[in-house]
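**Q** Requesting a structural model of the entry that follows:
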Amino acid sequence: MSEDSSFVAALTFNVGVGLGFFFFFSLCRTRLPQLYSPQILLEGESNTLPLPRPRGGLFGWVRTVWALSDEEYFAHAGLDALMYTSFLRFGIYTFAVCAVLGLALLLPVNMSAYGGTADCTVSSLNATALVCSSSRLAGLTAVTLANIPAQDSRLWAHFLSAYLFVLTTLFFLERLYRKFVLFRNRFFSEGHAQCHTVLVRDIPTPDATQAAVHDRFEALFGSSEVVHVAMVYPASRIAKFLAARGKVQHRLDHLEATRKPGKQPPTLRLDGFLWWGGRVVDEATHLSEVLRNLDASIAVQQARMRAAPPPARAAFVTLRSMAAATMVAQSLFSATRYTWTVTQAPEARDVHWGNARQGYHRRYIKGWVVHACMAVLVVFWAIPVTAVASLTTLDRVTSLFPFLDPLVESSPAVRAFLEGVLPTLALTLFMAVLPYILLVFATMQGFPSHSAIKFSVIRKLFYFQVVNVFFVSLIAGTVFSALGDLVESPESILTLLGEAIPRTGVFFTNYVMLRAFSLHPGNLARLFDVALFKIRTKWFARTPAERAEAWSPGPFEYESHVPTDMLMVLIGLTYATVAPAMLPFSLAYFATAFTVNRYNMLYVHKRKFETGAVFFPNIFDRVMAGVVIYELTMVGILSIKQAVLQVPLLLPLLAYTLHFWVSRNRTYRRIGSVLALDVAARLPLLRVAALSSDTEVSTSTCHCPPTPATDPDCTIPNTDTVKNPSAPATQARACEYEIPELRTRTARRKGITVFGVLSKLGSVI
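**A** Purely as a prediction, here's the structure:
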């Protein structure tokens, strides 16, 4: 009964915490709009459509979130957010159907059987009947597959459920893939600047100039087709000046806001040692002089780079028609190996400028180094995960900390709470730091955009969690003792999984409950952010920039959410047949994730980039990998149950799943990833239809005026080369791909700050 009490304690705790978070958010949502609906306050600063206002009432916002159609959500939040929330809705549909089938079909079958571990003998009257002398299993075990004896005819129900669950998953997954293709082509048809722009990397040194790249493309498409060529120059020195200028400007603004009449202004000691010697100067006056010197240094460096630009191994080329950009992005540009690598360009604000100019050989070597580090990390991370799992058992904890033993033994409720909540909570917190470690690895690989880095983290983290959360937690108690058998006969891994899965049903049910009822509502309430916001606005934020920074929403962290969602699909499917009682909790996980993330992505988080949902094919592949793992575990479980007829009949299902995987990728992946030429040819040009033939917009250099600009994304074109009055808008869009160091003299304050660290810590917690 220990598992039953821990399950009840975990359910009570998580549901209570989740309801508390939901009520807190519903009460404070209108009182703290800076934290809970900042995108409504920022509507005037963007050109997006006005957001729909959440309905009144305690939970009226839930109705607003669920009532939005796909077209409305696509218009307001973008395709990335639409496809991610559509994936969560796929989980709702899939597990809703599976929950109905599992509860109606498998629960009565499991409860009607005798204990699977009982001693059963063949009756002398009927050689096919099993006579069991023991009573049925009690508690949660009575509703699992463990309650079914070996060679029992009731195993046909579990065999049938495997077909039903897999076919249901594949049905909704294909519908989701079709939606991706539909909205992906709608995204292309909107004429975004990145759809007309290609990224050219690995440019040979003799051609590493703007004129040479322009001539190369002009020879292929003609002079009227090339709108702009932006070279990616190394500008680390200017970047250092810009970062220093941002810090100085921030400090000056703070001094100006905190200055009080009649009080001595803050001073600064120069040329001294600690608090001795040197001269004392007014801090504001000194920083103003430093700011002027930095402005002069930035202007000198920018002038030098424009006068004699260094060789650039990468460039962004914007073409007039989307058909030309599509053609060059899908073609082999040069027969020379490792040169002229052309791909579709990321969005301008998505570009990782440091990685965009890295050469092929550097990326290749770094990639192998990262893969080696990942292999080592996956293997050695299992050691502390196993250690954490062992520490979370009460017997182990009380052996290390004997003073806790009286507390545990004095209250059964405390013991049940610790057994039901502590293991899953410890595992969740321990795995929460992984995205930040993998983010460093992905950045080292040289991906040219921030989105590509984050999606690389998604791919790595999913398989990392499959190994360390699923498999290690699944077989941690037996893998070391069975290691010798696995080396001698690797195929015995299916048997090992089949033995381990029924034993860990309660643990993974508690794990799903924790994420469904506690963590997702916690992401909605964001208590840590509320406390941090109150502290910053009361004692630290004095300037308008500091107050805006105190509640400015960050981007949605796909790399932290998507891998866990895909893992939940794997866990839910794997235990759907073994422990069908988990299916309602899997449904609850995706329902709460859909509600919370759909609200946050629409009203809270600010879009840092828009990729057009290029990550979705990777989600499809990993969900299909989860389906295959589920089928293999079913083969292992039914083999242990000696279901000699059902095991061979599962092989056609596995074959169809693999066929579905390959065929749907062959059908939809390329159509959704790239734009077909016949479709691209019918799309409008890059808003340059009114340009006359004498308009010079192809080789001009974008730069800001001599005075510091107020917009950090200034894209004012060089008016000396624009003759047509209709050209500036188009030229400004092309100039978005100029390196920031040449476009502006303002920079946001960067670097590690105390509140930045606290904010990251809060997101981990």
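
**Q** close enough to count as contact, Leu658 and Val627?
**A** No: using C-beta atoms under 8 Å, Leu658 is not in contact with Val627, being 9.8 Å away. In this view, the C-beta of every residue, glycine as well, is placed from N, C-alpha and C.

**Q** Could you check which of the two has the larger neighbour count?
**A** Val627 (25 against 14; other C-beta atoms under 10 Å).

**Q** Excluding covalently adjacent residues, which one is nearest to the residue nearest the centre of the chain?
**A** Centrality entry for the chain: nearest residue to the mean C-alpha point is Tyr558, 1.8 Å, by C-alpha atoms, centre = their mean. Nearest residue to Tyr558, sequence neighbours excluded (C-beta to C-beta, 6 or more residues apart in numbering): Lys454, at 5.6 Å.

**Q** go on, Glu43?
**A** Nearest non-adjacent residue to Glu43 (C-beta to C-beta, 6+ apart): Pro50, at 5.9 Å.

**Q** and that neighbour, that one's in a helix?
**A** No: counting by DSSP: H, G, I helix; E, B strand; the rest coil, Pro50 is not part of a helix but coil.

**Q** Tally up the residues packed near it, please.
**A** The burial count for Pro50: 9, using other C-beta under 10 Å.

**Q** Please report the distance of it from Leu42.
**A** 12 Å (C-beta to C-beta, to the nearest Å).

**Q** separation between Val378 and Gly626?
**A** Using C-beta to C-beta, Val378 is found at 18 Å from Gly626.

**Q** Show me which of those two is the more surrounded one.
**A** Taking other C-beta under 10 Å, Val378 and Gly626 do not tie; Gly626 has more neighbours (23 against 16).

**Q** which helices and strands sit right next to the lengthiest helix in the chain?
**A** Using DSSP state H to define each element, the chain has its longest helix at helix 155-189. Contacts defined by 3 or more C-beta pairs under 8 Å, 6 or more residues apart in numbering; DSSP states H and E place helix 155-189 against helix 70-77, helix 79-101, helix 558-578, helix 616-640, helix 646-664, helix 670-673, helix 677-682.

**Q** how far does the shortest one sit from the chain's center?
**A** So that's helix 670-673. The chain centre lies 21 Å from the centre of helix 670-673; the measure is C-alpha atoms, centre = their mean, to the nearest Å.

**Q** how long is stretch 535-554 from one end to the other?
**A** Start-to-end span of stretch 535-554 (C-alpha to C-alpha, to the nearest Å) is 18 Å.

**Q** got the CA coordinates for stretch 518-530 in PDB?
**A** C-alpha atoms of stretch 518-530 as PDB (Å, rounded to 0.1, in the frame of the first residue of the first chain):
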ATOM      1  CA  SER A 518       2.200  22.100 -10.500                       C
ATOM      2  CA  LEU A 519       4.800  23.200 -13.100                       C
ATOM      3  CA  HIS A 520       2.500  24.500 -15.800                       C
ATOM      4  CA  PRO A 521       0.300  26.500 -13.500                       C
ATOM      5  CA  GLY A 522       3.500  27.700 -11.900                       C
ATOM      6  CA  ASN A 523       4.600  29.000 -15.300                       C
ATOM      7  CA  LEU A 524       1.400  30.900 -15.500                       C
ATOM      8  CA  ALA A 525       1.500  32.500 -11.900                       C
ATOM      9  CA  ARG A 526       5.300  33.100 -12.000                       C
ATOM     10  CA  LEU A 527       5.500  33.900  -8.300                       C
ATOM     11  CA  PHE A 528       9.300  34.400  -8.500                       C
ATOM     12  CA  ASP A 529       8.900  37.000 -11.300                       C
ATOM     13  CA  VAL A 530       6.300  38.800  -9.300                       C
END
